[in-house]
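Q: structure for this input, please:
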Amino acid sequence: MPSWFPMLTVLSMFYYICLRRRARLASRGEMINSRRAIESNSRALPMSTEVVQYAKEVLDFSSHYGSENSMSYTMWNLAGAPNVYPSSGDFTQTAVFRTYGNWWQQSGCSALPFKRTPPSFFSQEYVELAFEEPVYPTAVHILETYHPGSIVKILACSANPYSQTTPTEVRWEAIWSAEPTPVHCPQARQFTPCIKEIDFPTNLLRLETNSSVLEYYTELDAVELHGVKEKPMLSLKTSTIDMNDLDEDEYDDRDGCGIDCLTNQFSSSSLRDWTNNGYFDKLPYELIQLIISHLALPDLCRLAQTCKLLYQHCCDPLQYIHLSLQPYWATLTDSSLEYLLPRCTLVQWLNLTWTGNRGFITTSGFSRLLKVCGCELVRLELACGHFLNEACLEVIAELCPNLQELNLSSCDKLPPQTFSHISKLRGLKRLVLYRTKIEQTALLGILNFCPELQHLSLGSCVLIEDYDLIAGVIGAKCKKLRSLDLWRCKNITERGIMELASGCHLLEELDIGWCPTLHSGTGCFTNLARKLPGLRKLFLTANRSVCDSDIEELATNCQHLQYLDILGTRLVSPPSLRKLLECCKELILLDVSFCSQIDSRIVQELASRFPNVAIKKSFTQ
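A: A predicted model of the protein is given here:
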C-alpha cells in the first residue's frame, strides 16, 4: 500500500464532513425561511370560509330500536337538522340503537365473544352519514339528547357517496377515538371532540358506538360537520418545526454516535453469527404457542417477520382457530384474505362482521377463503356484510357442512330468494336474521330442515306475512329452541303464542316486544308463564294490555326470570311489581318506562328494597 494512501483517506473524510456541515447549515436556513414564509403567508392570506352542514342522508347502520316502516327511534332521524335538542329525555324523533348496557352480552343465550380482539377496539354499533359537500373537517358536533356517552370512534372516508365515478381507492381514517366512559347524567349535551386533521376532503362520516357502560338507551338527534373546502395551510409539517431540533451540536452528536456504534459493531471481534433463538430454543413448542396466543392479529403478523422459529409459530394454523377480522374492517380486502389463506386451514370461528363493503371483498375472494376453511367452520359472523349475494350464500351452503352458527344481522341488501340456501345447513343451532328481507317460503324451508336450532332471531323481518304459521312450525319442528327474537313482528296472535309455548318447552328467552296484535285479554301471556317455567328473559315492550294478572302469573311460575321489559303498559300496579320482585330472586333488569301507574317515587322505593335489580324508568321533558 502506498505511504500517501492513509493521508488521502483522512483528507477525503475531512472534506466529506465539511460538505455535510455546510449542507446542514443550508438546510436549517431553508427550513427557517420556509417556516417564516408560511407564517407570513398564513397572516396575509384570508382564512377559508367554514362550511357548516347537517347530515343529508343516513347510508348504513348496524341496528336501530325502531321499525323498518316508520321513523320512530330509527337511525334515519339523524338526517337533517335537530328535532329535539336542546331538550332532554326519551323522544321518538331521535336515533336509538337496539341495545344498551352489558347485560345483553351476559344473557345465557348470547353468543360467546371472540378472543384476540385488540384492546383498542371497543365498537359495537355504527352509523354512516353522508353530507352535501366534501370538506376538510375542522369540527364535528354530535347532539345527544338522552344518556350520552356512547360514541367511541369517528371516522372519515375519502369516497364521495354522491360522485358519479367509482373511486380508485377508498380510504377510511379515524379522526377521533376513545374508550367507553360512563356519563351518569342523562341530560342532553353537544359532544364536540378534538378531531385530527386529515389530508383529504370528506362528506362521509362514520360514528361507532359502545353502550356497554350506559345505564339506558342513548339517543342521538343530529350530527353537524364543520369544515373548509381548501386544505388548511398550517397543516403542513414544516409549520410545526421545533427550533431546538435544528441545533448543530445535537446533529453532530447524534450522527457521531450512530457512526461510532456502527463502526464498533462491525469491527468488534465479539460479533457473532446469531444462529440460535435464545431461550425460545429451550421452551416447549406448546408453551411458545400459549405465549403468542395472547397477541392481536397484527402483532402476530409482525412477530412472524423476526426469525424462522417465530415465523413457524405465528403461521401455525392452530393460532387461527378463532379468527375475528371485524376490528380491521376498514382495510380488509381480497389481498388481506389471500395473505391469510395458508394459516386458515383449521379456522372454526370466523368473524367477518362489517367487512367487505364498497367492493373491498369480492365474491371470488370470499369463496377462496371458504374453500380453505369451510370444512372446519362451525361459526360464521357476517353481520352488515353488504358484499354478500346469492353466490356467497350458495358457497356457504356447499362448503360449510358443519356450520352451527350463522349471523346475517342487518344484511338488508340480500335478495329474498337467496335465503333458501340456508336450509341445506342441517346442523344449524344459531341463526340471526335480524333486519333481513327473508320471505316466508324460505324461512319455512329452514325451519323444516334445520331441527337442531336453539337460537333464532327474526326481529324486524318485514317480509314475513304470517307469523302465526311461522310460530306453529317452530313449535312443531324446533323442539330444542332456547331463545327466540320476534321483535316487531307485525301480525302474531295468541294462536301463534299458544302453539309456540306448547312445542318449545326449553325456551328461556323470548322477545315479543312491539307486537301490536297481542292482547292480554286472550290469555296469551298467562299461557306463556304457565307453560314456560324456565323463562329467563321476556320482553313485552310497548304492549299496553299487560296487566297485574300477567305479572302475578310470572311471579308464581317463572321464578328464574332475570330480564323483564314491560315498557308502556298502563295496567300494572306497584303491588304486583312488589310480588314479582319478592318471588323472582334472580331478577337483574326490570324496565317500567312509561308505565303510568309506576312513578319515580315508587321506582325509588322498589330500588331501595331490591338493590340487586336495575329498575329502568325513562322520562321526557
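Q: just the strands in the stretch 451-600 of the chain please.
A: 455-457, 483-485, 509-511, 537-539, 563-565, 589-591 (DSSP state E, counting those that start in this stretch).
Q: turn those into a markdown table, including mean neighbour count.
A: Every residue, glycine included, has its C-beta placed from N, CA and C. Shown next, in a markdown table, are those (neighbours: other C-beta atoms under 10 Å):
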| stretch | mean neighbour count |
| --- | --- |
| strand 455-457 | 22 |
| strand 483-485 | 23 |
| strand 509-511 | 23 |
| strand 537-539 | 23 |
| strand 563-565 | 22 |
| strand 589-591 | 22 |
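Q: so who does Thr209 touch?
A: Thr209 makes contact with Phe97, Ser123, Gln124, Glu125, Tyr126, Val127, Ser150, Ile151, Val152, Thr218 under the criterion C-beta atoms under 8 Å, 6 or more residues apart in numbering.
Q: roughly how far apart are the first one and Thr218?
A: Between Phe97 and Thr218 the computed distance is 7 Å (C-beta to C-beta, to the nearest Å).
Q: which residues are in contact with both of the two?
A: Ser150, Thr209, Ser211.
Q: so His455 makes contact with Leu428?
A: No: using C-beta atoms under 8 Å as the test, His455 is too far from Leu428 to be in contact (9.5 Å).
Q: surely Thr362 is in contact with Leu388?
A: No: using C-beta under 8 Å, Thr362 makes no contact with Leu388, being 11.1 Å away.
Q: of these two, who's got more company?
A: Taking other C-beta atoms under 10 Å, Thr362 and Leu388 do not tie; Leu388 has more neighbours (21 against 15).
Q: got the contact list for Met359?
A: One thing to correct before we go on: residue 359 is Gly, not Met. Val170, Phe387.
Q: where does it land on pLDDT?
A: Per-residue confidence (pLDDT) for Gly359: 90.
Q: from Thr168, how far off is it?
A: Taking C-beta to C-beta, one finds Gly359 at 11 Å from Thr168.
Q: same deal with Tyr339?
A: As defined by C-beta to C-beta, Tyr339 lies at a distance of 21 Å from Thr168.
Q: again with Thr418
A: 30 Å.
Q: in terms of neighbours, single out the busier of those two.
A: The neighbour count for Thr418 versus Thr168, taken as other C-beta under 10 Å, is higher for Thr418 (21 against 5).
Q: assumed that one was part of a helix.
A: Yes: counting by DSSP: H, G, I helix; E, B strand; the rest coil, Thr418 falls inside a helix.
Q: residues near the closest residue in space to it that isn't next to it in sequence, how many?
A: Spatial nearest neighbour of Thr418, excluding adjacent residues (C-beta to C-beta, 6 or more residues apart in numbering): Glu390 at 4.1 Å. Look at Glu390: counted by other C-beta under 10 Å, it has 15 neighbours.
Q: also Cys315?
A: Neighbours of Cys315 (other C-beta under 10 Å): 15.
Q: next: His147.
A: For His147, using other C-beta under 10 Å, the count is 25.
Q: isn't the residue nearest to Thr418 up against Gln417?
A: Yes: with contact defined as C-beta under 8 Å, Glu390 and Gln417 form a contacting pair (7.0 Å).
Q: is Trp176 bridged to anything, and to what?
A: Ile154 (DSSP bridges).
Q: for it, which residues are in contact?
A: So Trp176 contacts Val140, Lys153, Ile154, Pro193, Cys194, Ile195, Lys196 (C-beta under 8 Å, 6+ apart).
Q: how about a cut-off of 10 Å?
A: Counting by C-beta atoms under 10 Å, 6 or more residues apart in numbering, Trp176 makes contact with 137, 140, 151-156, 192-196.
Q: same deal with Thr556?
A: Ala529, Arg530, Pro533, Lys579, Leu580, Cys583.
Q: from Glu553, how far out is the second one?
A: In this structure, Arg530 lies at 7 Å from Glu553, with C-beta to C-beta as the measure.
Q: these two: who's more crowded?
A: Glu553 (18 against 15).
Q: how about the helices in the stretch 351-500 of the chain?
A: With DSSP state H, counting those that start in this stretch as the criterion, the stretch 351-500 of the chain has helices at 363-373, 390-399, 440-449, 467-477, 494-503.
Q: so, low pLDDT: which residues of the chain?
A: Low-confidence segments of the chain, defined by pLDDT under 70: 1-47, 233-276, 620-621.
Q: quick check, central residue of it?
A: Centroid-nearest residue in the chain, with C-alpha atoms, centre = their mean: Gln124, separated by 3.2 Å.
Q: pretty sure that one sits against Gly101.
A: No: using C-beta atoms under 10 Å, Gln124 is not in contact with Gly101, being 11.0 Å away.
Q: what touches both of those two?
A: Joint contacts of Gln124 and Gly101 (C-beta under 10 Å, 6+ apart) are Ser211, Ser212.
Q: from Glu125, how far off is Thr192?
A: Distance of Thr192 to Glu125, given as C-beta to C-beta: 21 Å.
Q: oh sorry, the question was meant for Gly356
A: The value you get for Gly356 to Glu125, if C-beta to C-beta is used, is 18 Å.
Q: more neighbours, those two?
A: Gly356 (25 against 22).
Q: which ones are touching Tyr516?
A: For the record, residue 516 is Pro, not Tyr. By C-beta under 10 Å, 6+ apart, the contact set of Pro516 is Arg488, Cys489, Lys490, Asn491, Ile492, Ala542, Asn543, Arg544.
Q: correct me if wrong: the last one contacts Phe594.
A: Yes: counting by C-beta under 10 Å, Arg544 does reach Phe594; the two are 9.4 Å apart.
Q: who touches both of these two?
A: Common neighbours of Arg544 and Phe594 (C-beta under 10 Å, 6+ apart) are Ile566, Leu567, Gly568, Thr569, Arg570.
Q: which pair in these has the greatest spatial separation?
A: Spanning the widest gap among these are Leu567 and Arg570, at 11.4 Å by C-beta to C-beta.
Q: can I get the contacts of Thr556 in a markdown table with distance to Pro113?
A: Output for the contacts of Thr556, formatted as a markdown table (distance: C-beta to C-beta, whole Å):
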| residue | distance to Pro113 |
| --- | --- |
| Ala529 | 32 |
| Arg530 | 35 |
| Pro533 | 30 |
| Lys579 | 36 |
| Leu580 | 31 |
| Cys583 | 32 |
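Q: which among these gets closest to Gln305?
A: Pro533 (57.5 Å).
Q: tell me who's in contact with the nearest residue to the closest one once chain neighbours are set aside.
A: If you skip the residues right next to it in sequence, Pro533 has Asn557 as its closest partner in space, 5.2 Å away by C-beta to C-beta, 6+ apart. Residues near Asn557 by C-beta under 10 Å, 6+ apart: Thr526, Leu528, Ala529, Arg530, Lys531, Leu532, Pro533, Gly534, Leu535, Cys583.
Q: pull out the buried members of those residues.
A: With burial judged by 16 or more other C-beta atoms under 10 Å, the buried subset of the contacts of Asn557 is Thr526, Leu528, Ala529, Lys531, Leu532, Leu535, Cys583.
Q: if I look at the residue nearest to Trp329 when sequence neighbours are not counted, how far off is Gln164?
A: Of all residues not flanking Trp329 in the chain, Trp354 sits nearest, at 4.1 Å (C-beta to C-beta, 6+ apart). Distance from Trp354 to Gln164, counting by C-beta to C-beta: 26 Å.
Q: quick revisit: ok, the residue nearest to Thr418 - contacts?
A: Thr363, Leu414, Pro415, Gln417, Thr418, Phe419, Ser420, His421 are the contacts of Glu390 under C-beta under 10 Å, 6+ apart.
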